[in-house]
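**Student:** Here is my input, please return the structure:
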Amino acid sequence: MLISALARFVRKTLATRQVMRRPASLKELTGIRSALLRCLEDCAHTQAERLRQKIEQARSPQELWLLRSNAYQLISQQHSQSVAAARIDSLTPAFKGWIEADQITRSSPK
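**Tutor:** The predicted structure follows:
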């Protein structure tokens, strides 16, 4: 019983660590960046412009992942929390393979 529990733990740990270790190509980074920018298309504050600049300047999927919280705040201010949550949740597929799986499944930018 202890061995099977330990085996499950090791499998789960290894599965959550399978993140791409190579730098994202320009095409891959552009795809993630575009998905995040689409979430902000109808946001028109000065804050939205600043966030768009930060998104354009981000150099890795991890940097873009961290900007989701800012995007959530901005979208929820202009629309609602449910709209913001839906838009941010729609980004998950773009980050698969770049962010650890346990962060993707348990994260909430709220």
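**Student:** Just give me the residue closest to the centre of the protein.
**Tutor:** The centroid of the chain falls nearest to Trp65 when counting by CA atoms, centre = their mean (3.6 Å).
**Student:** shaky segments in this structure?
**Tutor:** Along the chain, segments meeting pLDDT under 70 span 1-2, 5-21, 105-110.
**Student:** quick one, what contacts the closest residue to Ile32 other than its chain neighbours?
**Tutor:** Closest residue in space to Ile32, ignoring its immediate chain neighbours: Ala94 at 4.8 Å, by CB to CB, 6 or more residues apart in numbering. C-beta: built from backbone N, CA, C; applies to glycine. Counting by CB atoms under 8 Å, 6 or more residues apart in numbering, Ala94 makes contact with Gly31, Ile32, Ala35, Leu36.
**Student:** and the residue nearest to the centre of the chain, what does it touch?
**Tutor:** Counting by CB under 8 Å, 6+ apart, Trp65 touches Phe95, Trp98, Ile99, Gln103.
**Student:** filter those to the buried ones?
**Tutor:** Among these, the ones that count as buried by 16 or more other CB atoms under 10 Å are Phe95, Trp98, Ile99.
**Student:** among those, which are in helices?
**Tutor:** Applying DSSP state H to these, the entries found in helices are Phe95.
**Student:** any chance of the buried ones among the contacts of Trp65 in JSON lines, plus distance to Gln73?
**Tutor:** Formatted as JSON lines, those follow (distance: CB to CB, whole Å):
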{"residue": "Phe95", "distance to Gln73": "18"}
{"residue": "Trp98", "distance to Gln73": "22"}
{"residue": "Ile99", "distance to Gln73": "20"}
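**Student:** which one of the buried ones among the contacts of Trp65 is nearest Ala24?
**Tutor:** In terms of CB to CB, no member of the buried ones among the contacts of Trp65 lies closer to Ala24 than Trp98, at 6.7 Å.
**Student:** That closest one: what's its closest spatial neighbour, skipping adjacent residues?
**Tutor:** That would be Pro61: by CB to CB, 6+ apart, it lies 3.6 Å from Trp98.
**Student:** Burial check on that neighbour, number of neighbours?
**Tutor:** 23 (other CB atoms under 10 Å).
**Student:** wait, doesn't it sit right on Gln103?
**Tutor:** No - between Pro61 and Gln103 there is no contact under CB atoms under 8 Å: 11.5 Å.
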